[in-house]
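Asker: Dropping the sequence and predicted coords here.
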Amino acid sequence: MAPTRAQSDFRPRGRIYFNCTDSLLPGWHLQYYVGSDLRTVRLHIPDSHPVRIALIEAAGFLGCRREQLQLEGDEWPSSVIEAN
């Protein structure tokens, strides 16, 4: 499992989470910062895919290693400024 911020000293490049099927956009999502702005995108994989596939897809999207991603955990603040 990928580390969360509480488990590690490094700040992850992105955060993936699963949005339940009762939401407007169900499925796997990725949150990441561009400058100080938080972006959220739905990953283009079927909802039934396991977390391993979601990690691979998100890492490819961001151009980072899977270990640089946070899995689930707390929702990220809406900007880097609020995170500090």
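Answerer: Thanks, I have the structure now. Numbers count the residues shown, from 1 in each chain.
Asker: any idea how far residue 59 lies from residue 30?
Answerer: According to CB to CB, to the nearest Å, residue 59 stands 10 Å off from residue 30. Backbone N, C-alpha and C define where each C-beta goes, glycine included.
Asker: what do you get for residue 42?
Answerer: Relative to residue 30, residue 42 is positioned 8 Å away (CB to CB).
Asker: So for the two, which sits in the more crowded spot?
Answerer: residue 30 (22 against 12; other CB atoms under 10 Å).
Asker: give the contact list for the more buried one.
Answerer: 14, 15, 16, 40, 41, 42, 43, 58, 61, 62 (CB atoms under 8 Å, 6 or more residues apart in numbering).
Asker: Report the buried members of those.
Answerer: Burial by neighbour count, 16 or more other CB atoms under 10 Å: within these this picks out 14, 15, 16, 40, 43, 58.
Asker: For beta bridges, what are the partners of the first one?
Answerer: For residue 14, the beta-bridge partners under DSSP bridges are residue 32, residue 69.
Asker: show me the contacts for it.
Answerer: 30, 31, 32, 58, 61, 62, 64, 68, 69, 70.
Asker: do the same with the third one
Answerer: Applying CB under 8 Å, 6+ apart to residue 16 gives the contacts 28-31, 43, 51, 54-55, 58, 69-72.
Asker: Which members of these occur in helices, if any?
Answerer: Secondary structure from DSSP state H places 51, 54, 55, 58 of the contacts of residue 16 in helices.
Asker: Contact partners for the residue lying closest to the third one once chain neighbours are set aside?
Answerer: In this structure, residue 55 finds its nearest non-sequential neighbour in residue 66, 4.4 Å apart by CB to CB, 6 or more residues apart in numbering. Residues near residue 66 by CB under 8 Å, 6+ apart: 2, 55, 56, 58, 59.
Asker: Got the phi and psi for residue 66?
Answerer: Phi and psi for residue 66, reported as degrees, to the nearest 10, are phi -60, psi -30.
Asker: how close does it get to residue 20?
Answerer: Counting by CB to CB, the gap from residue 66 to residue 20 is 23 Å.
Asker: Provide a list of residue ranges in this structure with pLDDT below threshold.
Answerer: 1-10, 21-22, 74-84 (pLDDT under 70).
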